[in-house]
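S.K.: quick one, fold the following:
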Amino acid sequence: MGELNKGDWKWFGHAAHFICSRNCQFHMATQVGKWLVSTVGELWPERSTREIHAEVYDLAWLEANRHLKGDNFDAAYMKRFGFEDLGSWGKYETMVFELGDKVCTEPDCNCGLPTPTTWSELDSQRYMKAGEATAGHYKFCEKWAQLDAVPQEVES
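M.R.: All right, here's what the predicted structure looks like:
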């Protein structure tokens, strides 16, 4: 394979990993040869989940703001807490997966997003800022575009 030409990369508009990705405001997905590089972030869960978060981390704030409706509650929550972390650290994450021969089969989707052979990531990184996540996504694309196989240090 050697290094792929960036013109051979395929970009997708959907989040390509993370079980709660439907609630992520930030997502990048790129097929680089037989690899899928996926970046997600800015997790914005349902209001009920955000209320639980507020109850745990700042009950006084929740009691003072629970009466707010719609966008007013969302704006107040964003100002106080911001987006949720993904896992134990970071607001954004990039993961790399090896691709199989299948593509998305969701009815009426037709996005063509390829499906990994396994959802065990080969490489990953977490970030705190959107700019870092974007740069990290491109860095992973460049790195994996040069690889024909999973590096030995990743296989173990």
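
S.K.: surely Asn65 meets Phe73?
M.R.: Yes: between Asn65 and Phe73 there is a contact under C-beta atoms under 8 Å: 6.5 Å. Using the backbone N, CA and C atoms, a C-beta is placed for each residue, glycine as well.

S.K.: show me which helix runs longest in the chain.
M.R.: helix 130-145 (DSSP state H).

S.K.: pull the CA atoms of that one into CSV?
M.R.: Taking C-alpha atoms only, helix 130-145 is exported to CSV below (Å, rounded to 0.1, in the frame of the first residue of the first chain):
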residue,chain,number,x,y,z
ALA,A,130,-11.7,21.0,19.3
GLY,A,131,-8.6,22.3,17.6
GLU,A,132,-6.5,19.6,19.2
ALA,A,133,-9.0,17.0,18.1
THR,A,134,-9.1,18.2,14.5
ALA,A,135,-5.3,18.3,14.3
GLY,A,136,-5.1,14.9,16.0
HIS,A,137,-7.6,13.4,13.5
TYR,A,138,-5.4,14.6,10.6
LYS,A,139,-2.3,13.3,12.3
PHE,A,140,-3.8,9.8,12.7
CYS,A,141,-4.9,9.9,9.0
GLU,A,142,-1.4,10.7,7.9
LYS,A,143,0.1,8.0,10.2
TRP,A,144,-2.2,5.2,9.2
ALA,A,145,-2.2,6.1,5.5
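
S.K.: contacting residues for Lys79?
M.R.: By C-beta atoms under 8 Å, 6 or more residues apart in numbering, the contact set of Lys79 is empty.

S.K.: can you give me the mean pLDDT across whichever strand or helix holds it?
M.R.: Using DSSP states H and E, Lys79 sits within helix 70-80. Throughout helix 70-80, pLDDT has a mean value of 97.

S.K.: got the buried residues for it?
M.R.: Across helix 70-80, burial judged by 16 or more other C-beta atoms under 10 Å covers Phe73, Tyr77.

S.K.: sorry, back to before: name the helices or strands packed onto the longest helix of the chain?
M.R.: Where contact means 3 or more C-beta pairs under 8 Å, 6 or more residues apart in numbering; DSSP states H and E, helix 130-145 is packed against strand 24-32, strand 35-43, strand 92-103, strand 123-127.
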